[in-house]
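A.B. asks: Could you work out the structure for the sequence below:
(one chain, ligands or ions: 2)
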Amino acid sequence: ASAANNTPTLLLARDEAVSLDINTRHRNPKYLGDLPLPHRLQSTTCLEQALAHLQGSAQPQRLIILGVPVMAMRSTCETWLPLLQASNLANTPVVWTCKGFEQNSGQLPHEIVYSVFGNQIPNTGVLSGPSFAKEVTRNLPVALTVASHNEITVQNTTAALHANNTRIYASNDVIGVEVGGALKNVMAIACGISDGLELGANARAALITRGLAEITRLGIALGGQAATFSGLTGLGDLVLTATGDLSRNRQVGLALGQGQSLDSILAAGMTAEGVRCARDALNRATALNIDMPITKAVCDVLFNAIPPLQAVSRLLAREAKAEWPAE
Ligand SMILES: NC(=O)c1ccc[n+]([C@@H]2O[C@H](COP(=O)([O-])OP(=O)(O)OC[C@H]3O[C@@H](n4cnc5c(N)ncnc54)[C@H](O)[C@@H]3O)[C@@H](O)[C@H]2O)c1
Ligand SMILES: O=P(O)(O)OC[C@H](O)CO
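C.D. replies: Numbers count the residues shown, from 1 in each chain. Ligands and ions are numbered 1, 2, ... in the order given. As a prediction, the model looks like this:
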């Protein structure tokens, strides 16, 4: 999106072949099929070249986007901290796109970032919202939220990305944005399971709505703001991922509902952050005494060998209750 906005953009890749394809054929077949990429998007595998690119970027659009999964966030931050300090780039805004909790620590991405960066890299934030990469690559309309406590992070993210078909909205609710992004993946697995079992559109709508109640409950308990969960990074990303067949999390759910085992689905190379997130979210909810029945049902199917239909029956067999407050 930044390259489409004429922002000179350099993608730091780990794989030489990916980098070469982007620079020569303007394609990234490993991740994005045959979709053409803007010629302004360049790639490198060399950290020094990435730092030089940042030093040459105009200040209003200078921005680092960490586009790695949550499991790689800590090591990525640890790599960048000394490099940015040594290159006089410690004030460069850094935003991340990952959605989930860190395994073992159970930390949200901002907790990882703050624990590694401390005050040494002060301008940070999370960039999230409903955005399938393949649609962004096609430059179709998309709206995202950047949440940060620093004005410069919001300004630079907006300057780099907000144009043409990309809208950037600002928020100061880092926790709410991250919880919505993490938990929508779990609900997308739940909706995929329901659709794989052919339980119908009514069931899917119920799961989305009660899933949002569950996300909101945990999010508020963790310090998020209620309104955030009806925004782009809550309801917006939840609807996209729970209903859009481009979602890897929904695809995992669909395959489970159709009778495939988790091992065989993951062996086929499917990356779905909701699988790890479900257990971490349930652990954090249990510690806070928060009821998360849909997340619990997803964990039962994923990790406790409960057949999908039995998990659904258990969900439906719970006592009747008031819809609001969402307890
Ligand atoms: N793909 C999408 O449509 C999309 C949309 C919005 C947000 N996101 C979020 O952005 C993040 C990245 O998504 P993705 O689909 O590109 O994920 P991905 O799993 O394809 O990985 C992205 C990049 O991270 C690199 N990476 C993986 N493990 C690493 C490690 N241990 N150390 C360093 N680099 C590592 C990979 O080489 C790859 O280049 C995710 O958390 C995802 O939720 C993805
Ligand atoms: O393919 P998924 O399920 O990881 O979803 C991708 C993005 O998070 C959608 O916003």
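
A.B. asks: Would you mind listing what in the stretch 151-300 of the chain touches ligand 2?
C.D. replies: Remark: the part of the stretch 151-300 of the chain in contact with ligand 2 comprises 185, 188, 237, 240-241, 247-249, 273, using C-beta under 6 Å from any ligand atom. All C-beta atoms are positioned from the backbone trio N, CA, C, and that covers glycine.

A.B. asks: And the furthest pair within these?
C.D. replies: Distance extremes for those: the farthest pair is Leu240 and Glu273 at 14.4 Å, using C-beta to C-beta.

A.B. asks: returning to what we had before: of the residues of the stretch 151-300 of the chain next to ligand 2, which is the nearest to Ala285?
C.D. replies: So of these, ranked by how close each gets to Ala285 (C-beta to C-beta), first place is Asn185, at 15.1 Å.

A.B. asks: Neighbours of the closest one, how many?
C.D. replies: Around Asn185 sit 30 other residues, with neighbours defined as other C-beta atoms under 10 Å.

A.B. asks: which non-adjacent residue is nearest it?
C.D. replies: Excluding its sequence neighbours, the residue lying closest to Asn185 (C-beta to C-beta, 6 or more residues apart in numbering) is Gly274, at 3.1 Å.

A.B. asks: State the pLDDT value of the closest residue to ligand 1 within the stretch 201-327 of the chain.
C.D. replies: In the stretch 201-327 of the chain, no residue comes nearer to ligand 1 than Thr271, which is 4.8 Å away by C-beta to the nearest ligand atom. pLDDT recorded at Thr271 is 80.

A.B. asks: so what's the closest residue to it other than its chain neighbours up against?
C.D. replies: With C-beta to C-beta, 6+ apart as the criterion, Thr271 has its nearest non-adjacent residue at 5.9 Å, and that residue is Arg248. Going by C-beta atoms under 8 Å, 6 or more residues apart in numbering, Arg248 touches 270-272.

A.B. asks: For Arg248, report the pLDDT, please.
C.D. replies: pLDDT for Arg248: 97.

A.B. asks: can you pull up the bridge partners for Arg167?
C.D. replies: With DSSP bridges applied, Arg167 shows beta-bridge pairing to Ala143.

A.B. asks: do the same with the one 4 residues further on
C.D. replies: Beta-bridge pairing of Ser171 under DSSP bridges involves Ala147.

A.B. asks: Which other helices and strands does the helix or strand where Val136 lies contact?
C.D. replies: Following DSSP states H and E, one finds Val136 within helix 133-137. With contacts defined as 3 or more C-beta pairs under 8 Å, 6 or more residues apart in numbering; DSSP states H and E, the packing partners of helix 133-137 are helix 29-32.

A.B. asks: which bits of the stretch 51-200 of the chain sit near ligand 1?
C.D. replies: So the stretch 51-200 of the chain meets ligand 1 at 67-70, 72, 75-76, 97-99, 131-133 (C-beta under 6 Å from any ligand atom).

A.B. asks: Could you single out the nearest of the residues you listed to ligand 2?
C.D. replies: Ligand 2 lies nearest to Ser131 out of these, by C-beta to the nearest ligand atom, at 4.7 Å.

A.B. asks: Touching, Thr241 and Leu183? I think so.
C.D. replies: No - Thr241 is not in contact with Leu183 according to C-beta atoms under 8 Å; the separation is 10.3 Å.

A.B. asks: per-domain residue ranges of the protein.
C.D. replies: 9-172, 183-316 (automatic domain parsing).

A.B. asks: Looking at these, which one is packed in the most?
C.D. replies: Ranked by mean neighbour count, the domains of the chain are led by domain 183-316 with a mean of 20 (mean count of other C-beta atoms under 10 Å).

A.B. asks: which residues of the stretch 51-200 of the chain fall in helices?
C.D. replies: Along the stretch 51-200 of the chain, counting by DSSP state H, counting those that start in this stretch, helices occupy 73-86, 109-117, 133-137, 151-161, 174-196.

A.B. asks: contacting residues for the residue nearest the centre of the chain?
C.D. replies: By C-alpha atoms, centre = their mean, the chain has its centre lying nearest to Lys99, at 3.1 Å. Contacts for Lys99 (C-beta under 8 Å, 6+ apart) come out as 70, 128, 178, 181-182, 184-185, 273, 277.

A.B. asks: Thanks a lot, catch you later.
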